[in-house]
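A.B. asks: Give me a model of this one.
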Amino acid sequence: MVYAQFRLKKKSIYCISPQRINFGGNIDVVCFDKTGTLTEDCLDLMGIQLSNDSRFDKLQTDFQSVTGLFAYCMATCHSLSKIGSELVGDPIDTKMFEATGWTLEEASTVEDAANLDQMAPTTVKSSNTNEADVHEIGILRQFPFSSRLQRMSVITRTVGNENLVAFVKGSPEMITSLCTQETVPTDFKEVLSKYTKQGFRVLALAYKPLDSSLKWHKDMQLNRDDVESELIFLGLMVMQNKLKQQTEPVISELHSANIKTVMITGDNILTAINVAQKCNLVTPHQKIYQVHANVSGDDVANICLTLEHAAVEQMTSHKSKNDNVQPHSQSDEAAELPNMCYAVDGSSFEILREYYPEEFKKVVVGAKVFARMSPIQKDQCVETLMEVGLTVGMCGDGANDCGALKTAHIGISLSEAEASVASPFTSKTPDISCVPEVIKEGRCALTTSFGMFKYMALYSMIQFVTAMMLNTFGTYFGDIHFLYIDIFLCTSVVLFMGRNKPYNRISVQKPVKNLMSAPIIFSFTSQTVIQTIFQTICYYILIAQPWFVPLDPDLDSKNILCYETTALVLYSFFQYVITGYLFTPGKPFRTPIYKNKPYAISFMLLTFFNLMMLFFPPEPFNTFFEFVEIPSPKKIFQVELFALLLVNVVVSTLFERCLVTNKKLMDIVACRCFRKKHKLSYAEAYGLLTEIKCETT
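C.D. replies: All right, here's what the predicted structure looks like:
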């Protein structure tokens, strides 16, 4: 994990919780925020549509020609401040304000403050020379944007005028619900739908005249709900949200690895669907059902599934809190389950969670788009995916993503502000290209961790088997043997195994994620048996030699200088090298071993030294290692041991590379077909259409 953390740091991805890296190896689903994550943070202002006599005027693109209340709302309803000559604040607010051509000033004199009956107001000034227009407006109070409320508002006063005016901007659905209905255009839904289906982000603007008798100290006591009620609708501001350059390639890469991608956003559901389709998060062949839910006055939940962007087929269900779910026969539509997905908004999400707890989980697993989601709902969505057994990643850039980033197994923040505090990972690269990198490093680290565990365990078992055999003959390891095994053979693997870099592609196959799993146990057990068998064969080859003289043990000595110790300890040296190679796999999770140069060089040096000790041991080395000279004519015994080593390598490799990686065999070993399944499959998620009583209309 340490090597993985260093490699991520080189790619400008910082990790404050290294233990989370391994979770990246088994990601099943990655959730993305939309604005600032999949799309550019800075929106391009496309146009404005003013409300006029309960109808919308034509779309205007010359923003500086806009005057009146709409222009005043654009100039004041924001959270911008000025540092030097630079505007600081939300990028959307910045774009909106700059489009007006107005200037923002912080009051710096007592005279400026006195003009507005305020201590230090922010003022905005118009460059328009028309005497009929307002030239300077003071922002007396601000109600900041809230993801839960989906709006922000300000209380303003024009310089030289006693009247106070509140300006509000936010999501169109929320703003119109706060407006007097006679001021909302009759074609509001049609116009909004037209823009959102094209992927534009839309904000609604409104205002409210306040009591002219209010002074500053009274203004500061106004309740937000009182200010943001009975509003007068002004119009819509339409913005274009462009995809980031890396969004579509990364989504495609994740899909090719069979990793599901989900969008969780606070934006309009139709805008979210459009963006999801543009970046192939929802593939062209998929039908997307929008889930609508509401609660009637008699506490009964109504659910409607509507097919978007295709011939509409509507399916409804009704359920109260105490009703039981009624089974329904499989419909023809269910036959197309792989080509379906859901889109859910925040209000329907909440109703499903309360009235349909079981079906709610299925909808969450089957959904690809979650829109108008509050920060709490984002967190709940991630939690639900985790509850059904999925390993979840979350990538976002804002404060409203903090809860979800912290809850997810892998949380990646694209911001260095609030979200980075809660998130285990922070990327300085402001796009989602960091997600595949974390997944690749996670798979590499997970494979390395289990490889290291198996090596250390098998290293101990090989040493144990050798010690038991030697003890049977009345001899034992020498101190130098332990020193060479622990310091050189074992340490080189521990130091260099983790230096293998991740493979350059994310494969469909996932690494094992549980230590007590069939592949790990089968691998360790089979290799223990194999190495024990080959050590035993080594002994029988030894005793079959015509020059072999069995040890006559001296009870007062360790009896290290004997043929048994020399042959078995020397053979075990090779087995430590073999197991190091076996448990350092390459593709599909890591680069090949030869690309890890320190590791490859250490393997070659250790193998060369062991071969030298087998075939041509210098006398000082034999003395130092407490080996006896093997009097084999023409090195026949050494050649036989070398041939045995080659067979050992082949058999061990076949077991590790062919049998351990065979999924069907591992399922049989684990008796998986008899176990209860914990994960909710995607096909089962679409069972909502068949699990509840549906009426097709």
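
A.B. asks: What ranges in the stretch 101-250 of the chain fall below the confidence cut-off?
C.D. replies: Within the stretch 101-250 of the chain, the stretches with pLDDT under 70 are 107-120, 128-134, 212, 214-220.

A.B. asks: for stretch 595-612, what is the average pLDDT?
C.D. replies: Regarding stretch 595-612, the rounded mean pLDDT is 92.

A.B. asks: Pull out the buried positions in it.
C.D. replies: Asn596, Tyr599, Ser602, Phe603, Leu606, Thr607, Phe609, Asn610 (16 or more other C-beta atoms under 10 Å). To be clear about C-beta, it is placed using only N, CA and C from the backbone, and glycine gets the same treatment.

A.B. asks: who touches the third one in this structure?
C.D. replies: What that stands for is Ser602. Counting by C-beta atoms under 8 Å, 6 or more residues apart in numbering, Ser602 touches Ser492, Phe496.

A.B. asks: That one - that's part of a helix, no?
C.D. replies: Yes. Counting by DSSP: H, G, I helix; E, B strand; the rest coil, Ser602 is part of a helix.

A.B. asks: Renumber starting at 206 from here on
C.D. replies: Got it, the first residue is 206 from now on, which makes the last one we talked about Ser807.

A.B. asks: What's the end-to-end length of stretch 461-468?
C.D. replies: 18 Å (C-alpha to C-alpha, to the nearest Å).

A.B. asks: Could I get the buried residue list for that stretch?
C.D. replies: Ala462, Ile464, Lys465, Thr466, Val467, Met468.

A.B. asks: Wait, the fourth one touches Glu458, no?
C.D. replies: No. Contact between Thr466 and Glu458 fails when scored by C-beta atoms under 8 Å: they sit 10.1 Å apart.

A.B. asks: Go through the longest strand seen in the chain and flag the buried ones.
C.D. replies: Longest strand in the chain by number of residues (criterion: DSSP state E): strand 341-351. Applying a neighbour-count criterion of 16+ other C-beta under 10 Å, one finds Glu341, Ile342, Gly343, Ile344, Leu345, Arg346, Gln347, Phe348, Phe350 buried in strand 341-351.

A.B. asks: in terms of contact, does the second one touch Cys278 like I think?
C.D. replies: No. Assessed by C-beta under 8 Å, Ile342 is found out of contact with Cys278, at 10.2 Å.

A.B. asks: All the helices of the stretch 456-605 of the chain, residue numbers only.
C.D. replies: 474-483, 551-560, 562-571, 580-592 (DSSP state H, counting those that start in this stretch).

A.B. asks: for this structure, what are the low-confidence residue spans?
C.D. replies: Within the chain, the ranges that satisfy pLDDT under 70 run 312-325, 333-339, 417, 419-425, 501-543, 622-625, 877-902.

A.B. asks: in it, which residue is closest to the centre?
C.D. replies: Centroid-nearest residue in the chain, with C-alpha atoms, centre = their mean: Gly598, separated by 2.4 Å.

A.B. asks: What residues does it make contact with?
C.D. replies: Going by C-beta under 8 Å, 6+ apart, Gly598 touches 229, 232, 234-236, 613-617, 640, 643-644.

A.B. asks: try 7 Å
C.D. replies: Ile232, Val235, Cys236, Ala613, His614, Ile615, Val640 (C-beta atoms under 7 Å, 6 or more residues apart in numbering).

A.B. asks: List only those of those residues flagged as buried.
C.D. replies: Ile232, Val235, Cys236, Ala613, His614, Ile615, Val640.

A.B. asks: mind checking the SS state of the third one?
C.D. replies: Secondary structure assignment for Cys236 (three-state DSSP): strand.

A.B. asks: and stretch 620-629, how far apart are its ends?
C.D. replies: So stretch 620-629: terminal residues 12 Å apart, C-alpha to C-alpha.

A.B. asks: Need the residues touching each of Ile342 and Cys278.
C.D. replies: In contact with both Ile342 and Cys278: no residue, using C-beta under 7 Å, 6+ apart.

A.B. asks: Pull out the buried positions in the lengthiest helix in the chain.
C.D. replies: Determined from DSSP state H, the single longest helix within the chain is helix 639-677. Neighbour-count burial for helix 639-677, counted by 16+ other C-beta under 10 Å, picks out 639-657, 659-660, 662-664, 666-668, 670-672, 674-675.

A.B. asks: now the buried residues of strand 341-351 as CSV including distance to Val500?
C.D. replies: Compiled in CSV, the buried residues of strand 341-351 are given as follows (distance: C-beta to C-beta, whole Å):
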residue, distance to Val500
Glu341, 48
Ile342, 42
Gly343, 43
Ile344, 39
Leu345, 39
Arg346, 35
Gln347, 34
Phe348, 28
Phe350, 27
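
A.B. asks: Out of these, the closest to Val207 would be?
C.D. replies: Val207 lies nearest to Phe350 out of the buried residues of strand 341-351, by C-beta to C-beta, at 40.9 Å.

A.B. asks: pull the CA atoms of stretch 560-575 into PDB?
C.D. replies: Output in PDB follows, covering the C-alpha atoms of stretch 560-575 (Å, rounded to 0.1, in the frame of the first residue of the first chain):
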ATOM      1  CA  TYR A 560     -43.100   3.100   1.700                       C
ATOM      2  CA  TYR A 561     -41.200   0.500  -0.300                       C
ATOM      3  CA  PRO A 562     -38.000  -0.400   1.700                       C
ATOM      4  CA  GLU A 563     -37.400  -3.700  -0.200                       C
ATOM      5  CA  GLU A 564     -38.300  -2.400  -3.700                       C
ATOM      6  CA  PHE A 565     -36.300   0.800  -2.800                       C
ATOM      7  CA  LYS A 566     -33.100  -1.200  -2.700                       C
ATOM      8  CA  LYS A 567     -33.800  -2.700  -6.100                       C
ATOM      9  CA  VAL A 568     -34.500   0.600  -7.600                       C
ATOM     10  CA  VAL A 569     -31.300   2.100  -6.200                       C
ATOM     11  CA  VAL A 570     -29.300  -0.800  -7.600                       C
ATOM     12  CA  GLY A 571     -31.000  -0.600 -11.000                       C
ATOM     13  CA  ALA A 572     -30.900   3.200 -11.200                       C
ATOM     14  CA  LYS A 573     -28.300   5.100 -13.200                       C
ATOM     15  CA  VAL A 574     -29.400   8.700 -12.600                       C
ATOM     16  CA  PHE A 575     -30.400  10.200  -9.200                       C
END
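
A.B. asks: Can you give the distance of that stretch from its chain's centre?
C.D. replies: 19 Å (C-alpha atoms, centre = their mean, to the nearest Å).

A.B. asks: Repeat that for stretch 706-715.
C.D. replies: With C-alpha atoms, centre = their mean, you get 16 Å for stretch 706-715.

A.B. asks: now the buried residues of stretch 461-468 as a markdown table including distance to Val364?
C.D. replies: What follows is the buried residues of stretch 461-468, written out as a markdown table (distance: C-beta to C-beta, whole Å):
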| residue | distance to Val364 |
| --- | --- |
| Ala462 | 60 |
| Ile464 | 57 |
| Lys465 | 55 |
| Thr466 | 51 |
| Val467 | 49 |
| Met468 | 44 |
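
A.B. asks: Among these, which lie within strands?
C.D. replies: Going by DSSP E, the strands hold Lys465, Thr466, Val467, Met468 from these.

A.B. asks: of all the residues you listed, which comes closest to Val570?
C.D. replies: Lys465 (8.7 Å).

A.B. asks: hang on, the earlier thing: who are the packing partners of the longest helix of the chain?
C.D. replies: Secondary-structure packing of helix 639-677 (3 or more C-beta pairs under 7 Å, 6 or more residues apart in numbering; DSSP states H and E): helix 207-215, strand 218-220, helix 452-461, strand 615-618, helix 723-748, helix 768-787.
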